[in-house]
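Q: need coordinates for the following:
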Amino acid sequence: MRSSSSRGLRPGVLGTFDIVVMAVAGSAPAYSIAATTAVLVATVGLAGPAALLYCAIPMLGIVLAYGRLGRLDVNAGAGYSWVGRTLHPSLGFLSGWALVVSTTIFMVAGSLPAGQMTLALFDPALAGDRLLATLAGAGWFLAMLLVVLGGIRLTVRAQLLLSGVELVILVVFVVAALVHGGAGVAFDWSWLGFAHFDGPAGFASGALIAAFYYWGWDVTSNLSEETRDSRRTAGLAALIGVGVVFLLFEAFTIAVNTVLSAEQIHAAGSQVLTVLGEAVWPGIGGKLLIVAVLLSTVATLETTLIQVTRSLFAMGRDRTMPPALGLVHRRRHTPWVAICAVGGVALVMFLASTALGSVGDVLSAAVAAIGLQIAFYYGLAGIAAVVAYRRTLLRSVRDAVLGGLWPLFGALFMLWIFVESLAALSRASIVIGLGGLAAGLVPMLVYRRRGSSYYRPARLDASVPPPGGSPGSPGHSPHPEHPDHPEYRDRALATDF
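A: This next block holds a predicted model:
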């Protein structure tokens, strides 16, 4: 058998700045604003800024939870490994499965606007052609698939270019839009309060959509095995990334409400930033924001591919999914089988999406469905962090708040909006969201019966360091059942291929 080192991901490739860029790109500022603003306004009206604000507070609790769990267990599977080793392996698998399903759905939901924007650059009339938009979006998806196959160094270089140009355009336009004003409503501080929500169910629906805005920063944890000093870097980068996108989301949501009327927002749909750009800077503004959304969409397709393929790689390595998914290219150190598998499934979904209605219909159903799955796996990770650190929470007020109360609040909030929003969602969103989760029961039961070592985990407990020192210390030697240990990887990688 070949050594595990020949099959492992390439360690220490990414630095702090690289990971911060990945965190921002993962949340896809321009894409999230373009794809989701019309849905958010239709759901909660002028309460959009409040939904983003009140979802950001518990979301930071989940960021803290990820950072603390990442100190104990550096694993490309992230929540899949942490929840499985802390709460229960079945919950861990379903947590990882929720990420796999949500990111795979996003391949279509993210690529369709990219196709639309590409066509709009040449002829705005073509952007409404569903078939052409699907073909153009599939082309961008395949391009990012090849970049990710090319290795993490190529991936990071492409990301720096895409996200850098996007952020410059967004900052310039948000300043111009806030100064410009327009046909919308004058800003009022009540937009940041609870007055505009239609009861608890309305608040939950708005928060679910807001969760989709922020989603993607956790790519930093999926890249932890490829990051220098990842026990510290991944959590810090996620925190900075969420802070940056929060400011952009709030500023643009307020700008859209003040520059455009509710009717204009509804009519614009996923092209709301194009309309905003034309209103602020007629002639060229719309084109520039099209470029920003296109770059953002392509950039987040790249980070989403990283998330899903690293998660599948961890599952294949643990033999909770087909072991071939755990194979890594000898020279490029990328999980090439997982990447090809995701590409094949996504292309089939592209074909299916042409029968589901307009791009706007697909986006609306997909955003809510993905929001359900996000709330599910983020909520489990928050609880896992509290359980893993339960014996250390009384050491100081800081540990109690940052390690216990805030992550727990974030977890309970995510699980609450998961349950509360079900009554307000469309049938399509519920079928996609819950049906996608339920489908994970099949591989879970099949591979559990085959005796995967994942279902006999070494428990995560912050008060009991693994043999050889505390996690991250120079002399640290992981327990043989810990995924960092060579013996564990050799067992997980043993395959007939």
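
Q: how about the most centrally placed residue in the chain, secondary structure?
A: Taking C-alpha atoms, centre = their mean, the centroid of the chain lies closest to G216, which sits 2.3 Å from it. At G216 the chain is in coil, as set by DSSP: H, G, I helix; E, B strand; the rest coil.

Q: likewise V185?
A: Applying three-state DSSP: V185 is coil.

Q: what's the distance between the closest residue to it other than its chain neighbours and P49?
A: Leaving aside its sequence neighbours, V185 sits nearest to N257 (C-beta to C-beta, 6 or more residues apart in numbering; 5.9 Å). The way it works is simple: take the backbone N, C-alpha and C, and place the C-beta from them, glycine included. Using C-beta to C-beta, to the nearest Å, N257 is found at 8 Å from P49.

Q: overlap of the contact sets of those two?
A: Listed as contacting both N257 and P49 by C-beta atoms under 8 Å, 6 or more residues apart in numbering are W191.

Q: got phi/psi on the residue nearest to the centre of the chain?
A: With angles defined as degrees, to the nearest 10, G216 sits at phi 120, psi -20.

Q: that one against V24, yeah?
A: No - between G216 and V24 there is no contact under C-beta atoms under 8 Å: 9.1 Å.

Q: shaky segments in the stretch 101-250 of the chain?
A: Residue ranges of the stretch 101-250 of the chain with pLDDT under 70: 181-184.

Q: all helices for it, in order.
A: Secondary structure of the stretch 101-250 of the chain (DSSP state H, counting those that start in this stretch): helices at 130-149, 152-180, 199-214, 219-222, 230-259.

Q: how close does S32 sit to Y377?
A: Distance from S32 to Y377, by C-beta to C-beta: 18 Å.

Q: how close does G206 sit to G48?
A: From G206 to G48 the distance is 7 Å (C-beta to C-beta).

Q: between the two, what contacts are shared?
A: What both G206 and G48 touch, as defined by C-beta under 8 Å, 6+ apart, is the set L40.

Q: I figured the residue nearest to V185 hits L192, correct?
A: No - taking contacts as C-beta under 8 Å, N257 lies outside contact range of L192: 11.8 Å.

Q: who has more neighbours out of these two?
A: Ranked by neighbour count (other C-beta atoms under 10 Å), N257 and L192 place N257 first, with 24 against 17.

Q: show the contacting residues for the closest residue to the residue nearest to the centre of the chain other than its chain neighbours.
A: Nearest non-adjacent residue to G216, counting by C-beta to C-beta, 6+ apart: G26, 3.2 Å away. Contact partners of G26, counting by C-beta under 8 Å, 6+ apart, are 215-220, 241, 300, 303-304, 307.

Q: okay, and G26 sits in which element?
A: helix 16-27 (DSSP states H and E).

Q: how far off helix 199-214 does that helix point, in degrees?
A: 130 degrees (axes from the mean of the first three to the mean of the last three C-alpha atoms, to 10 degrees).

Q: which residues touch G137?
A: Here G137 is in contact with 108, 111-116, 118, 350 (criterion: C-beta under 8 Å, 6+ apart).

Q: recalculate using a threshold of 6 Å.
A: 111-112, 114-115 (C-beta atoms under 6 Å, 6 or more residues apart in numbering).

Q: with distance to S95 added, can I get those residues in a markdown table?
A: Output for the contacts of G137, formatted as a markdown table (distance: C-beta to C-beta, whole Å):
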| residue | distance to S95 |
| --- | --- |
| S111 | 25 |
| L112 | 27 |
| A114 | 28 |
| G115 | 31 |
